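# test case, fold it:
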Amino acid sequence: MSARILFVTGTNTDVGKTVATAAVASAALQGGLKVAVLKPGQTGVAPGEPGDAAEVQRLAGELTIRELVRYPEPLAPDTAARRAGMPYLSPEAAAEAVAELAAIHDLVLVEGAGGLLVRYDDQGRTLADQARAVRDAGLNAEVLLVASAGLGTLNIVALSAEALAARELPLAGVLVGSWPSSPGLADRCNLADLPRSAGAPLLGALPERAGTADDFAALALASLAPELGGSWNAEHFAHIHRPG
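Predicted coordinates:
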């Protein structure tokens with residue numbers, strides 16, 4: 001059976017993308033799968049410091065991690081590369097790394113930097129172009145969109161979904177990266193509205209500060225839908241949090 005390849009992107013920065021990647025990895029590991037996490041472009045981290053891939057490994061457990069380029073300033077990868085005088089990352093290089101990992105793993109998670117269309121090089125190529133390059137190489141890459149729960153998220157989700165459709169990239173679903181402990185009206189209504197905006201299912205909701213959980217493995221299973229290896233039920237969750 002061929003590996004599943006899942007590109008994890010966010011509607012914007014700080015939506016819980018790294019913890020979401022860790023949760024999906026944890027659920028897969030608990031299901032007996034061999035997992036790899038690829039961070040094509042890491043920004044804002046100095047040499048020798050742990051990056052996002054290392055954080056995924058810390059939370060999820062024994063898995064393969066790989067990072068292709070690292071830039072010191074916390075900027076978009078193309079800007080960070082240009083300012084540092086370092087080489088850009090091409091979609092072809094990312095696709096080659098994905099193929100190598102897919103040959104020896106059951107699941108390859110590719111965590112992007114920021115949102116779907118953040119640029120990685122001076123030609124304006126993005127994470128979407130990396131995913132397209134993987135599919136053009138004959139591998140079945142999908143995209144998981146990590147979104148915020150509250151007001152303003154629906155427009156960005158719809159725009160991301162349209163960008164994926166225009167590039168013929170399949171959207172596996174949407175995952176709420178940080179479900180608030182005291183959800184407001186918009187958060188509750190968005191449980192029904194997010195999948196409509198995305199044209200794809202809602203595949204889970206990670207509680208806020210999930211990365212500090214005492215039992216991250218159990219939390220991952222409880223927060224992810226069966227499509228991602230967990231037991232979370234969208235209909236039940238929406239019923240619990242239905243608007244008054």
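
# quick one: the helices in the protein?
Taking DSSP state H as the test, the helices found in the chain are 17-30, 52-60, 77-84, 91-102, 127-136, 153-166, 185-198, 216-223, 234-240.

# most packed of those?
Counting by mean count of other Cβ atoms under 10 Å, helix 17-30 has the highest mean neighbour count of the helices of the chain, with a mean of 26. Bear in mind the C-beta positions are built from the backbone N, C-alpha and C, glycine included.

# mind saving the C-alpha coords of that helix as PDB?
Provided in PDB are the C-alpha atoms of helix 17-30 (Å, rounded to 0.1, in the frame of the first residue of the first chain):
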ATOM      1  CA  LYS A  17      -0.600  24.100  12.700                       C
ATOM      2  CA  THR A  18       2.400  22.500  14.400                       C
ATOM      3  CA  VAL A  19       0.300  21.000  17.200                       C
ATOM      4  CA  ALA A  20      -2.200  19.800  14.600                       C
ATOM      5  CA  THR A  21       0.600  18.100  12.700                       C
ATOM      6  CA  ALA A  22       1.700  16.500  16.000                       C
ATOM      7  CA  ALA A  23      -1.800  15.300  16.800                       C
ATOM      8  CA  VAL A  24      -2.200  13.600  13.400                       C
ATOM      9  CA  ALA A  25       1.200  12.100  13.700                       C
ATOM     10  CA  SER A  26       0.400  10.800  17.200                       C
ATOM     11  CA  ALA A  27      -2.800   9.200  16.100                       C
ATOM     12  CA  ALA A  28      -1.100   7.500  13.200                       C
ATOM     13  CA  LEU A  29       1.700   6.200  15.500                       C
ATOM     14  CA  GLN A  30      -0.900   4.800  17.900                       C
END
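
# for Ala217, give me its contacts.
Residues in contact with Ala217 (Cβ atoms under 8 Å, 6 or more residues apart in numbering) are Ser26, Gln30, Gly61.

# could you find the closest non-adjacent residue to the second one?
Spelled out, that is Gln30. Residue nearest to Gln30 in three dimensions, not counting chain neighbours: Ala217, with 6.1 Å by Cβ to Cβ, 6 or more residues apart in numbering.

# got it, and the last one?
Counting by Cβ to Cβ, 6+ apart, the nearest residue to Gly61 once its immediate chain neighbours are dropped is Leu29, at 5.4 Å.

# quick one: contacts for the closest residue to Ala23 other than its chain neighbours?
Spatial nearest neighbour of Ala23, chain neighbours left out: Ala220 (4.0 Å); criterion: Cβ to Cβ, 6+ apart. In this structure, Ala220 makes contact with Ala22, Ala23, Val24, Ser26, Ala27, Gln30, Ala60, Gly230, judged by Cβ under 8 Å, 6+ apart.

# between those, which is nearest Ala46?
For the contacts of Ala220, the residue nearest Ala46 by Cβ to Cβ is Ala22; the value is 21.8 Å.

# mind checking how far the closest residue to the closest one other than its chain neighbours is from Asp215?
The spatially closest residue to Ala22, leaving aside those adjacent along the chain, is Leu59, at 3.8 Å (Cβ to Cβ, 6+ apart). Distance, Leu59 to Asp215, by Cβ to Cβ, to the nearest Å: 11 Å.

# hmm, Asp106 is touching Lys34, no?
Yes: in terms of Cβ atoms under 8 Å, Asp106 counts as a neighbour of Lys34; the distance is 4.8 Å.

# mind listing the shared neighbours of those two?
By Cβ under 8 Å, 6+ apart, Asp106 and Lys34 have no common neighbours.

# my guess is Ile65 contacts Ala25, does it?
No: in this structure Ile65 lies outside contact range of Ala25 using Cβ under 8 Å: 9.6 Å.

# what touches both of these two?
Common contacts of Ile65 and Ala25, defined by Cβ under 8 Å, 6+ apart, comprise Val37, Val56.
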